[in-house]
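Trainee: Predicted model and sequence follow; I will ask about them next.
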Amino acid sequence: MIKDIIKNAETKMKKTISVLETDLSTMKAGRANPSMLDRIQVDYYGSMCPLSQVANISAPEPRVLMITPWEKTLLKDIEKSILKSDLGLNPSNDGSVIRLIIPELTEETRKDLVKKVKKTGEESKVAVRSIRRDANEKIKGLKKDGEISEDEIKKGEDDVQKKTDAIIKQIDNIIVAKEKEILSI
């Protein structure tokens, strides 16, 4: 019973880490990375599709992303979607491909980006702590039902805390690595 609660909490915590990694991969760090465009949705014959499903995205140079749509008619829609996004990039359309030049990050932009990374990391920690709280409440609920002893509750809560500490340490490591990536010139 307690093992299921702990396992469920751990699974949710790991999902929080993968969401964090996805969010951080879409932040521009001065280098061209196709995953920066993961959130871009394109109008494809009336329905919104991820950009990666209607075009090939590559990084032929360290600061350039090249988008080659499967159909040339999508060029304008892709361009509009990129301009509407929060990336702040200006697409260059030559009639067959779209090029995105990733600008060099200024010191101020880097600092703002680091603040964003830290905020995203803190939000992930809050989510993990919320998962810990829910797991502990479920464990305490078992005692009210008379299913387990006080010692088993204590051990269960300790196990949840150990998992939480490990995940938070992992989040901290991810944040530090992303900060280094952003601040390296």
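Mentor: Ah, there it is. Remember, predicted model here, so these are calculated numbers, not experimental data.
Trainee: What's the mean pLDDT across the biggest helix by length in the chain?
Mentor: Secondary structure of the chain per DSSP state H: the longest helix is helix 107-144. Mean pLDDT, computed over helix 107-144, is 89.
Trainee: Give me the three-state assignment for the residue nearest in space to the middle of the chain.
Mentor: Centrality entry for the chain: nearest residue to the mean C-alpha point is residue 23, 2.1 Å, by Cα atoms, centre = their mean. Here residue 23 is recorded as helix under DSSP: H, G, I helix; E, B strand; the rest coil.
Trainee: contacting residues around it?
Mentor: residue 120 (Cβ atoms under 8 Å, 6 or more residues apart in numbering). Heads up, the C-betas are built off the backbone N, CA and C, glycines and all.
Trainee: Give me the distance between it and residue 82.
Mentor: 19 Å (Cβ to Cβ, to the nearest Å).
Trainee: What of residue 61?
Mentor: 18 Å.
Trainee: The two - which one has more neighbours?
Mentor: Higher neighbour count among residue 61 and residue 82: residue 82, with 22 against 12, using other Cβ atoms under 10 Å.
Trainee: what's the nearest residue to that one if we skip its chain neighbours?
Mentor: In space, residue 82 comes closest to residue 91 once its chain neighbours are excluded; the distance is 4.8 Å by Cβ to Cβ, 6 or more residues apart in numbering.
Trainee: Just give the number of residues close to the one you found.
Mentor: Neighbours of residue 91 (other Cβ under 10 Å): 18.
Trainee: And residue 123, by the same measure?
Mentor: With other Cβ under 10 Å as criterion, residue 123 counts 15.
Trainee: Same check on residue 19?
Mentor: A count of neighbours around residue 19, defined by other Cβ under 10 Å, yields 14.
Trainee: helix, strand or coil for it?
Mentor: helix.
Trainee: and the gap between it and residue 172?
Mentor: Residue 19 is 16 Å from residue 172, by Cβ to Cβ.
Trainee: For the residue with the largest distance to the centre of the chain, identify the helix or strand it belongs to.
Mentor: No residue in the chain sits farther from the centre than residue 146, which is 40.8 Å out by Cα atoms, centre = their mean. Assessed by DSSP states H and E, residue 146 sits outside every helix and strand.
Trainee: Enumerate every residue touching it.
Mentor: Contacts of residue 146 by Cβ under 8 Å, 6+ apart: none found.
Trainee: for it, phi and psi?
Mentor: Per-residue torsions, residue 146: phi 80, psi 20 (degrees, to the nearest 10).
Trainee: So residue 27: helix, strand or coil?
Mentor: coil.
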